[in-house]
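Q: sequence first, predicted coordinates after that:
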Amino acid sequence: MTSKIKILIADDHPIFRRGLRAVIESDHGFEIVAEADNGEEALRKIVELEPDVAVLDVNMPGLDGLGVARRIQSKNLPTVPVFLTMHTDEAIFNAALEADVKGFVIKEGAANEIVACIRETAAGRRYFSRVLTDFLLNRRQPAASPLESLTASERRVLRLISESKSTREIADELFISPRTVDHHRANIASKLNLKGKHALLTFALTHKSEIL
């Protein structure tokens, strides 16, 4: 029998937390092992219980969601952090990527998206609310598309990156070697002047609708 995905919920609004718990527990593959109403309590329980996924409100008193995610990263804990937020804020999104947050769900649509987000991130994939990628795309309206400088092969690789696929998954789908995929990644980043660990993924997500 497949073991259940263990989850911690941290949010300082008990009514929202209760509703979120009901949605998550409707999936029999999930088990909520703890709740917390602030970041410090969430971090203690994460260290103690090592849940598979921690669903964290970005804005909590004391240690916020981003602070918890950074502690998870610095302590090399196995828990995957997922963010809930009321705000479609590009700065928070980029900071979350740097803290290795795998999922980002807007609270307004959490009831419809949180189950899919948990399942995807627990499997090692990324999940971001569609409204977030649309928001970021609308905030970045370049006069000329930077994608014009890419070759057809580089655009195919970038399209698969926008689907949060790994180097190995891209290589398998395009029938090329992982080394070739890495070469394309480097060329794309160079042409688009992208720097930083997650810059290429952020670009791919924000320009997803432009990549054919």
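A: Structure received.
Q: tell me how many other residues crowd R44.
A: 12 (other CB atoms under 10 Å). Yep, even glycine has a C-beta here, placed from its N, CA and C like the rest.
Q: now I106. Nearest residue, chain neighbours left out?
A: S129 (4.5 Å; CB to CB, 6 or more residues apart in numbering).
Q: pretty sure that neighbour is touching V105, no?
A: Yes - with contacts counted by CB atoms under 8 Å, S129 reaches V105, the gap being 5.2 Å.
Q: which residues are in contact with both of these two?
A: E113 (CB atoms under 8 Å, 6 or more residues apart in numbering).
Q: which element is L56 on?
A: strand 53-57 (DSSP states H and E).
Q: ok, then the element right after that strand?
A: helix 65-74.
Q: list the buried ones in that next one?
A: Neighbour counts over helix 65-74 (16 or more other CB atoms under 10 Å) mark 65-72 as buried.
Q: what's in contact with that helix?
A: Identification of contacts with helix 65-74 by CB under 8 Å, 6+ apart yields 10, 39, 42-43, 46, 54, 56-59, 63, 79, 81, 83-85, 92, 95-96, 99-101.
Q: with stretch 15-24 instead?
A: So stretch 15-24 is in contact with 7, 9, 11, 30, 32, 35, 37, 55, 84, 107, 110-111, 114-115, 118, going by CB under 8 Å, 6+ apart.
Q: now, of the residues you listed, which are buried?
A: 7, 9, 11, 30, 32, 35, 37, 55, 84, 107, 110, 114-115, 118.
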